[in-house]
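K.L.:
Fold the stuff below for me.
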Amino acid sequence: QVQLVESGGGLVQAGDSLRLSCAASGRAISSYTVGWFRQAPGKERDVVAGISTSGGSTYYTNSVKGRFTISRDNAKNTVYLQMNSLKPEDTAVYYCAARRASYPAWSDQRAYDYWGQGTQVTVSS
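P.N.:
Reported below is the predicted structural model:
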């Protein structure tokens, strides 16, 4: 079992930055591909970014490319999502998720074995 705990969310203004953390416990996160997802009010949960076990492969949804950066520190058992130039449309609950499988599409939520409880990000205009 892997337990995931997100932190770092909050209320910020448009243009500000936040860094979300996804801390894992129970097992080494180094064995897992990790994704960040978000769910805005009234919308479905969608993938935002993903990172392979080594960090050598990353994915970003088009709306965050150039603004968000996903990274991992396997020694600290933590995955990060650096969010710059935040926009009101980035407002959502952000979740991290981990999976053993490498090949399913980043957006395939059924492939993720473990999920965190989420952290709220609110961006005011």
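
K.L.:
mind listing the helices in this protein by residue range?
P.N.:
Remark: helices of the chain are absent; assignment by DSSP state H.

K.L.:
From the centroid of this protein, which residue is nearest?
P.N.:
residue 36 (2.2 Å; Cα atoms, centre = their mean).

K.L.:
dump the residue contacts of that one.
P.N.:
20, 22, 47-50, 70, 79, 81, 94-97 (Cβ atoms under 8 Å, 6 or more residues apart in numbering). Backbone N, C-alpha and C define where each C-beta goes, glycine included.

K.L.:
same thing but at 7 Å, please
P.N.:
48, 49, 70, 81, 94, 96 (Cβ atoms under 7 Å, 6 or more residues apart in numbering).

K.L.:
Residue 84 contacts residue 67, correct?
P.N.:
Yes - with contact defined as Cβ atoms under 7 Å, residue 84 counts as touching residue 67 (5.2 Å).
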